[in-house]
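>>> Return a 3D structure for these sequence lines:
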Amino acid sequence: MIEGPYFVLTVLGVLGTGVTAGVFYAFSTFVMRGLAALPPAQGVAAMNAINTAAVRPAFMSVFLGTAVLAAVIAVVTLAVWPEEAAVELLLGSALYLVGAFGVTAGANVPRNTALLRLEPGSAEAAGRWPGYIREWTAWNHVRAVASAAAAVAYVLALA
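Sure thing, here's the model as predicted:
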């Protein structure tokens, strides 16, 4: 069993990946559906407001802090290579860093940036809104599953 500071890092990894998975799950299961049900101008305006509000310490400290923590866990695991749980620790870190953080940076944030440039009531925004909802949500599903799987991998490392 993992002990000492390694145990604490892994428990924090479980918490961070789990909380992030929950946020992404909520967006995939009901937030995006609610926004999609709005008229495009209202949906675009609401999503832009949500994206602006998300870049605050309450969410970013968990999201980015967990990315840093996952990187630390991976580096320590590679350096120390514990007798137990090395594979689970590396898998959890990779799932979060690639599937949550990487997908956010490579897929969701660019879509958010493009949406923010649109005038909510414009014909262009109305035309792009359905595709944005579909694509953003699909990538968000990936983030939710990757974050949850990372949490499971870290839990298995503790077992």
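>>> what are the ranges of the helices in this protein?
4-26, 32-36, 40-54, 57-80, 86-94, 103, 109-116, 123-158 (DSSP state H).
>>> other SSEs contacting the last one?
Spelled out, that is helix 123-158. When contacts are defined as 3 or more C-beta pairs under 8 Å, 6 or more residues apart in numbering; DSSP states H and E, helix 123-158 sits against helix 4-26, helix 32-36, helix 40-54, helix 86-94, helix 103, helix 109-116. Just so you know, the C-beta spots here come from the backbone N, C-alpha and C atoms, and that holds for glycine as well.
>>> Now do the buried residues in the last one.
Which is helix 109-116. Under the neighbour-count criterion of 16 or more other C-beta atoms under 10 Å, helix 109-116 has Arg111, Asn112, Leu115 buried.
>>> Export the helices of the chain as JSON lines, with columns for mean pLDDT.
Listed next are these as JSON lines, based on pLDDT from 0 to 100:
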{"stretch": "helix 4-26", "mean pLDDT": "96"}
{"stretch": "helix 32-36", "mean pLDDT": "98"}
{"stretch": "helix 40-54", "mean pLDDT": "97"}
{"stretch": "helix 57-80", "mean pLDDT": "96"}
{"stretch": "helix 86-94", "mean pLDDT": "97"}
{"stretch": "helix 103", "mean pLDDT": "98"}
{"stretch": "helix 109-116", "mean pLDDT": "98"}
{"stretch": "helix 123-158", "mean pLDDT": "98"}
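>>> circling back: distance to Thr77 added to the helices and strands packed on helix 123-158, as TSV?
Below are those laid out as TSV (distance: least, C-beta to C-beta, whole Å):
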stretch	distance to Thr77
helix 4-26	9
helix 32-36	35
helix 40-54	30
helix 86-94	4
helix 103	22
helix 109-116	28
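>>> Which one of the ones you listed lies nearest to Val145?
helix 4-26 (8.1 Å; C-beta to C-beta).
>>> chain center to that closest one: distance?
12 Å (C-alpha atoms, centre = their mean, to the nearest Å).
>>> Identify all contacting residues around it.
Identification of contacts with helix 4-26 by C-beta atoms under 8 Å, 6 or more residues apart in numbering yields 1-2, 59, 62-63, 65-66, 69-70, 72-73, 76, 80, 82, 85, 89, 92-93, 95-96, 100, 140, 143-144, 147-148, 150-151, 154-155, 157-158.
>>> That concludes my questions; thank you for your assistance.
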